[in-house]
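# coords please:
(2 chains)
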Number of protein chains: 2
Amino acid sequence: MIAKLSQLFVRTLREDPADAEVPSHRWLVRAGYIRRAAPGVYSWLPLGLKVLEKVERIIREEMNAIGAQEVRFPALLPREPYEATGRWTDYGDNLFRVVDRKGTDMLLGPTHEEMFTLMVKDLYKSYKDLPLSLYQIQTKYRDEARPRAGLLRGREFIMKDSYSFDVDDAGLEASYQLHRTAYTRIFERLGLEFVIVSAMAGAMGGSRSEEFLAVAANGEDTFVRSPGGYTANVEAVRVAAPAELPIDNAPAMAVVETPDAGSIEAVVEILNRDFPERTWTGADTLKNVLFMVTEPDGTKRPLAVGLPGDREVDAKRLEAALEPAVAEVFGEEDFKKFPDLVVGFMSPVSIDGTRVLGKESSTKIEYLVDPRIVTGTHWVTGANVKDQHLSGVTMGRDFTADGILDVADVRQGDPAPDGSGPLALARGIEMGHIFQLGRKYAEALGLKVLDENGKLVTVTMGSYGVGVSRAVAAVAEATSDDKGLSWPVSLAPYQVHVIATGKDVEVFVEAQRIAEELDARGLDVLLDDRKASPGVKFADSEIMGMPIIVVVGRGLADGVVELRTRATGDKREVPVSGIVTEVVALAAAGGQQA
Amino acid sequence: MIAKLSQLFVRTLREDPADAEVPSHRWLVRAGYIRRAAPGVYSWLPLGLKVLEKVERIIREEMNAIGAQEVRFPALLPREPYEATGRWTDYGDNLFRVVDRKGTDMLLGPTHEEMFTLMVKDLYKSYKDLPLSLYQIQTKYRDEARPRAGLLRGREFIMKDSYSFDVDDAGLEASYQLHRTAYTRIFERLGLEFVIVSAMAGAMGGSRSEEFLAVAANGEDTFVRSPGGYTANVEAVRVAAPAELPIDNAPAMAVVETPDAGSIEAVVEILNRDFPERTWTGADTLKNVLFMVTEPDGTKRPLAVGLPGDREVDAKRLEAALEPAVAEVFGEEDFKKFPDLVVGFMSPVSIDGTRVLGKESSTKIEYLVDPRIVTGTHWVTGANVKDQHLSGVTMGRDFTADGILDVADVRQGDPAPDGSGPLALARGIEMGHIFQLGRKYAEALGLKVLDENGKLVTVTMGSYGVGVSRAVAAVAEATSDDKGLSWPVSLAPYQVHVIATGKDVEVFVEAQRIAEELDARGLDVLLDDRKASPGVKFADSEIMGMPIIVVVGRGLADGVVELRTRATGDKREVPVSGIVTEVVALAAAGGQQA
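A predicted model of the protein is given here:
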């Protein structure tokens, strides 16, 4: 196929779009691949659509290879199934809701677990029908609070979602592994550097889930890696609890005068000044943070979180832990309802032993603590009296918690949960997410089949997603440079960009001839046949990012053309007679010059 | 590609779905091609999706062949552009409206004129950039009052929409003709019997439009054909006005006593009884029908329509003529507001010459008449007095109208507007619609380019649609029979259906081998390898409708298999050694047995 730039519906922009935060967004817009239609909603121009189709083809091939069957569900969906699973409420403001002319509630599908479950219930009755994997490549809708970064976080986007159906746990595990393998192949073929990390199932429910993250400095997700190979999304990191200590060895509670010391730093300064026999750090203190938690149905409840004073509550880890509920830090009005709490000097216990935090305490506020706060550990914390703290406040003796909440920030160098050494932190873009859902959806919607003994059993499910439009941006993010896009041969809208320079008719004729020969050899060719200066043409070719560039110009008189490689910037002269063979070989080698 | 029925996600149904009105709906559901997700909203199962993809491929090829470039716009769109063209209001209840979490009004696109206009405005500046044709294959939304007939009239559906942009009228005409040619090829390749008829532009606006209708007994649209080749959608039929008559020859107005004659029939009976010198029919009477018209913005106005008494106002022709306004027949409450009107005896004029209907009359109700009511024609109509009519009521002497409204029903045998003889009526399914929009959208949204003289000129546009999901149903409607679906080779999900019957292992092995050979020859093969009775397998093959069926069974012992043609029901025995060659030849011949 040959496309002529004189006719192709594309214009490059000299300026960055005002809202572009990341390179993929900037260059996809500037190179004329996409345009914004509304916040988080994009149109695909011819060049962008071609990349999207190539990504879709790779995904289809790999899904078909594991025996998954393609279907297509609507985006406009009835409320009832989402009501049955609770997601109509749980999704909250993230769901686009639609009321039709008859007043019926509908929604724009954010993901289709319910619909697939009902479809399989409609068609299948027996264990003999399973295992089954179905997939679709389809447009999804989520009313993101902060759509950003172009295609990376949109409100209308294209996803490949698949769902597996098995009669037992072993079957689910096998289906899950098949998808894991297919995803690995997909992201390898997309040329992405990626990691597979443990993740939280979140609102989706289910027991086990992993994310495929494209490693990217601008990624929204943070993940950890240990020397021993442990990897996890930062939300999913589980801090290893230290060994419990004997309570008998713990010092007695004592009051420490801490005038005006409403911060951990101020308390630590006083401790080091007044008790110089050892060095005190924030890690010796117990910080208590209060949140007001709002459930999806609107009910509110307070929550206290205790964690070592050198740590912060990580907003994303907290969000993931409480999902679908949402937490906000206590405000003044909230504190007014609990006069027992002394801001800046809060504690789970008072010097007289009265419990202040916890379901059994005077405030009755649920109290959850960091995994590091185990029985026998003792802490400096508030005294519930202004300008006083307590030392020797011992877990299991002076206070207890209603449970564990593992939401403190994770830091570079923290000990890895697998004990293999320090954690390294990096950022990534979530490209895929695979879930072992288990029986949550099948139970809610009554998907059962007859087993070998003629007994009805509930089906167990997996759910698997790939961000398709996001993949286009992720590849652009990984491959673009300071001049523009730079596609791998496998995804480029056109593998070769032939540029005719100057005004010499022969040059244009020869460029056209080379393009036709390349086309005949099965390559997709973009031909710059415009009346424009070489500078404009070269700059456009760099912005648009086709991997192989052939410049036909003055050298033609000497029988040579120039062969450029976009990614490396390599340029060399090649005899006209050999250019087609060279380009074909280069394309076959994935654009890598020998 | 080989798909095994033992694994394919499909189940046929023994019973018709309760809501199925037409064969395509019944069989697509029963054969496991589609399932309803909500009223007018369907999911595609693997078999259905394959047909859909083949239809899409044909459309893409023909659109690319006329140089149209593929893009893809979102379905979730901002309100503003639709506000600018008035369609936010004009579409009324047909538009799915969405309010996002920030309270911003959005909509689900019913068609994308506004978005394409803005995109071209964004990218193009000069007449040199034109002509341009862009298209997309994309999901559309319309909140139909009466979604029906499965895929034929849905609320979520797939459309190919394209838009042409030209600098002048001649360019628009050329772009329009290119699309007309492409559409002709598309519907020919889909194997549909179709007609191209003149149509109304309707809410879309613009000067000229034609519809491509698939001829179908169950079609929603009625169209007319004349012996001379005139064709039109019934909404677009323009009745030829007869020659005016000299007013001097008209008889004087006279009162006719018509006790209790509130209907045309009763009046005609009295006329024939009391004035037997000639034969009277309904065509001698003038019927006046009152409507309350509601504009999209909610304002209401009365409208009187005068037409020959043997005709009815055709609801669809009236709807098309008034669009986007909506008309309802006057109710009791409406009549109360106009005491001058005597129900059953209405007239544009009273015996004393007082005008009763018309903007200048006592009621000030706008009065529009059928084209047949020309100056000099005289009529029997009401007297605006109970139990009295007037004869000799003459157009241009006793009454006038505010204009023409051509909305009387069109009948088989009516004289054709082209004067070539009587009209024939038939029904069809609207498959495509092409519009010369002109400058309506470009003007509303400011799409101008510099012309050859450096002057800004407004671009002129065309808009062209094909119902893609509807095409799947239209082909099913045309090809299915009393046993099930019956696809042409070009659109069948699988060209060949190989059935292994009985329990003989060798039969299954041979069926598999034949399937593999056919696959190697480039055919898509469905292999029925299930443990099921031959009766079940044969019935399923008839419902599912693959064009070529190979039955491998007992005959195998004698070296023969059976070759069936679904469309004709032909069966014959073929030596196993020759079956692959026979099937390949049959498929190449489009499934027609020699």
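# Hmm, A:K364 and A:D402 touching each other?
No: using Cβ atoms under 8 Å, A:D402 is not in contact with A:K364, being 10.4 Å away. All C-beta spots, glycine's among them, are computed from the backbone N, C-alpha and C.
# So for those two, which residue has more residues nearby?
A count of neighbours by other Cβ atoms under 10 Å in any protein chain shown puts A:D402 above the other of A:D402 and A:K364, at 17 against 13.
# And that one, how close does it get to chain B?
33 Å (Cβ to the nearest Cβ, to the nearest Å).
# same check, this time on A:P534
Note on A:P534: its distance to chain B, by Cβ to the nearest Cβ, is 20 Å.
# Domain map for chain A?
With domains defined by automatic domain parsing, chain A comprises A:13-74+A:109-237+A:425-477, A:247-404, A:496-588.
# Which strand or helix spans A:K316?
Element membership of A:K316, judged by DSSP states H and E, is helix A:315-322.
# which strands and helices sit next to that helix?
With contacts defined as 3 or more Cβ pairs under 8 Å, 6 or more residues apart in numbering or on different chains; DSSP states H and E, helix A:315-322 has these neighbours: strand A:326-329.
# Only the buried residues of the strand it packs on, if you could.
A:326-327 (16 or more other Cβ atoms under 10 Å in any protein chain shown).
# rewinding a little: quick one: common contacting residues for A:D402 and A:K364?
Common contacts of A:D402 and A:K364 (Cβ atoms under 8 Å, 6 or more residues apart in numbering or on different chains): A:G358.
# Same list (the domains of chain A) but as CSV, adding mean pLDDT.
Compiled in CSV, the domains of chain A are given as follows (pLDDT from 0 to 100):
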stretch, mean pLDDT
domain A:13-74+A:109-237+A:425-477, 94
domain A:247-404, 93
domain A:496-588, 96
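# And the strands in the stretch 451-594 of chain A, which stretches?
A:456-458, A:460-467, A:496-500, A:525-528, A:548-552, A:560-565, A:571-575 (DSSP state E, counting those that start in this stretch).
# follow-up on the earlier one: nearest approach to B:A587 belongs to which of the domains of chain A?
domain A:13-74+A:109-237+A:425-477 (22.5 Å; Cβ to Cβ).
# how about that closest one, does it get close to chain B?
Yes: using Cβ under 8 Å from any Cβ of the partner chain, we find that domain A:13-74+A:109-237+A:425-477 touches chain B at A:32, A:35, A:37-38, A:41-46, A:49, A:52, A:67, A:69-74, A:115, A:119, A:122-124, A:132, A:134, A:139, A:141, A:143, A:145, A:155-156.
# Between the two ends of that domain, how far is it?
18 Å (Cα to Cα, to the nearest Å).
# can you give me how far it is from the chain middle?
10 Å (Cα atoms, centre = their mean, to the nearest Å).
# Please apply the same query to stretch A:485-498.
For stretch A:485-498, the distance to the chain centre is 26 Å (Cα atoms, centre = their mean).
# Run the chain-centre distance for the helix holding A:K316.
On the basis of Cα atoms, centre = their mean, helix A:315-322 sits 14 Å off its chain's mean C-alpha point.
# ok, the residue of the stretch 451-594 of chain A found nearest chain B - contacts?
Relative to chain B, the nearest point of the stretch 451-594 of chain A is A:K531 (9.4 Å; Cβ to the nearest Cβ). A:K531 makes contacts with A:6, A:503, as judged by Cβ under 8 Å, 6+ apart.
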